[in-house]
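[1] My questions are about this predicted structure, shown below with the sequence.
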Amino acid sequence: MTKVVVDAGHGGTDGGATANGILEKEYTLKIAKYINNRLKELGIDSSLTRDSDITLEPTNRVNKALSLYGSGSDVILLSNHINAGGATFA
């Protein structure tokens, strides 16, 4: 059965994108918690790389993700980020 690691981008001292008083790290955590809870409701085994506002250095983030379910072909890593905006579309 497929297992999902949900990674809330940024966190702790790394706030990510900021605009209009919005911090990326706060929204990525809210989104990750929602996705994790929804997957569990659907009977899908899932875990978070972080469930609070902590700093995860890149190597620690990878190690945390790998420690949850390993690196088998039955593992999906979903890392969420939110851009600050400013793009224009034609």
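    Cool, the structure landed. Numbering: from 1, shown residues only.
[2] Check the protein for its longest helix and report it.
    helix 24-41 (DSSP state H).
[3] continuing past it, what's the next helix or strand?
    strand 45-48 (DSSP states H and E).
[4] which other helices and strands contact the helix or strand that comes right after that next one?
    The C-terminal neighbour of strand 45-48 among helices and strands, as given by DSSP H and E, is helix 58-69. Helix 58-69 sits against strand 3-8, strand 45-48, with contacts defined as 3 or more Cβ pairs under 8 Å, 6 or more residues apart in numbering; DSSP states H and E. In short, each C-beta sits where N, CA and C put it, glycine included.
[5] could I get those strands as JSON lines with mean neighbour count?
    Listed next are these as JSON lines, based on neighbours: other Cβ atoms under 10 Å:
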{"stretch": "strand 3-8", "mean neighbour count": "23"}
{"stretch": "strand 45-48", "mean neighbour count": "18"}
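[6] Would you mind saying which of these lies nearest residue 15?
    Ranking the helices and strands packed on helix 58-69 by proximity to residue 15 (Cβ to Cβ) places strand 3-8 first, at 12.4 Å.
[7] What angle do helix 58-69 and that closest one make with each other?
    150 degrees (axes from the mean of the first three to the mean of the last three Cα atoms, to 10 degrees).
[8] Could you point out the helix or strand that follows strand 3-8?
    Defined by DSSP H and E, the subsequent element after strand 3-8 is strand 18-19.
[9] Nice, that's everything, thank you.
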